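Enquirer: Here is the input, now give the coordinates:
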Amino acid sequence: MIAFNARRAFRVAYSEPCENSPCSVVPAFFYAGTKLATRHGWSTVETLEEGQRVLTADYQEIEIISLQEDVLELSSCRGLVSDWPVQIPEGILNNTQALLVSANQRLVLENPTMRRAREKSLISLRAETLVGYRGIARAPLRSDLPRVVLGFAQATTLVLDGGLRLDVPGMSGELAVPPLNDRQSRSIVHKMRMELARETFWFKAQKSAERKQASSLPPSLEGW
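Expert: Okay, the predicted model is just below:
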């Protein structure tokens with residue numbers, strides 16, 4: 001079994017860049033209460049064990065080769081912004097419930113610049129780069145937060161209960177989905193904001209036109 005040191009993984013996440021890659025290796029931190037899919041249903045990360053298998057985004061099984069319990073201390077978190085968890089409200093990224101993820105955890109999204117293409121393109125970006133988009137924000141913490149560090153032999157994409165996809169590195173640091181650096185990520189998020197603004201504008205314009213049309217109809221035709 002490959003040893004996985006949570007403390008060393010924590011240092012790697014912020015200090016050692018991936019070779020030939022615009023990213024940093026981020027261990028698979030999952031906060032207590034987060035649910036992952038298994039063949040028997042959803043399981044919270046704190047109930048998982050080494051050797052157990054979880055389901056990936058492509059409906060395959062992958063074995064947990066190491067598991068470490070950890071605690072995110074509020075006192076240290078206040079001084080290090082990169083430690084502060086990110087809260088993703090329900091429905092923002094097609095997730096069916098609000099979720100809490102590590103600021104440095106890589107989220108897997110459809111590339112908004114390729115939505116009109118026949119083949120969908122996936123990208124991964126750090127959760128922190130999405131702060132400010134549609135209500136995504138730093139989570140309000142009032143106490144220390146237990147978490148679990150999972151280790152996998154190969155890079156994979158996992159799905160949390162709620163539908164959010166996470167890009168989890170393998171032991172050698174490789175990633176399953178093409179990673180974006182922060183500059184590229186912020187450019188993508190800017191395009192997402194612009195697209196949202198356009199959709200909001202046209203939606204409001206359509207509703208305004210419908211109200212004007214309804215107000216111009218004779219009383220006998222209203223509601224048709």
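
Enquirer: Pull up the pairing partners for the strand or helix carrying Leu100, direction included.
Expert: In this structure, Leu100 sits in strand 99-101 according to DSSP states H and E. Sheet pairing of strand 99-101 (DSSP bridges) gives strand 86-88 (antiparallel).

Enquirer: which residues are contacting the strand holding Leu100?
Expert: 31, 33-34, 85-88, 107, 127, 139, 160, 162, 164, 166 (CB atoms under 8 Å, 6 or more residues apart in numbering). C-beta coordinates here come from the backbone N, C-alpha and C atoms, glycine included.

Enquirer: The same query, at a cut-off of 6 Å, please.
Expert: Identification of contacts with strand 99-101 by CB atoms under 6 Å, 6 or more residues apart in numbering yields Tyr31, Pro85, Val86, Gln87, Ile88, Ala127, Ala139, Leu160, Gly162, Leu164.

Enquirer: the strands in this structure, which residues?
Expert: 28-31, 35-38, 41-44, 53-55, 61-63, 66-72, 86-88, 99-101, 106-110, 122-126, 137-138, 145-151, 156-159, 165-168 (DSSP state E).

Enquirer: packing partners for the second one?
Expert: This points to strand 35-38. strand 53-55 (3 or more CB pairs under 6 Å, 6 or more residues apart in numbering; DSSP states H and E).

Enquirer: Which strands or helices does the strand it packs on pack on?
Expert: strand 35-38.

Enquirer: Glu63 contacts Leu55, correct?
Expert: No. Between Glu63 and Leu55 there is no contact under CB atoms under 6 Å: 11.6 Å.

Enquirer: which one of these two has more residues nearby?
Expert: Each of Glu63 and Leu55 has its neighbours counted (other CB atoms under 10 Å); Leu55 has more, 17 against 13.

Enquirer: Write down the beta-bridge partners of that one, one by one.
Expert: Under the criterion used (DSSP bridges), Leu55 bridges to Glu61.

Enquirer: and the gap between the nearest residue to Asp182 once chain neighbours are set aside and Leu109?
Expert: Leaving aside its sequence neighbours, Asp182 sits nearest to Thr129 (CB to CB, 6 or more residues apart in numbering; 5.8 Å). Computed with CB to CB, to the nearest Å, the distance linking Thr129 and Leu109 is 11 Å.

Enquirer: For the residue most central in space within the chain, give me its contacts.
Expert: Compute the mean C-alpha point of the chain, and by CA atoms, centre = their mean the closest residue is Leu107, 3.4 Å away. Residues in contact with Leu107 (CB under 6 Å, 6+ apart) are Ala127.

Enquirer: Mind doing that once more with 8 Å?
Expert: Leu93, Val101, Ser124, Leu125, Arg126, Ala127, Leu130, Leu164, Arg165, Leu166, Asp167.
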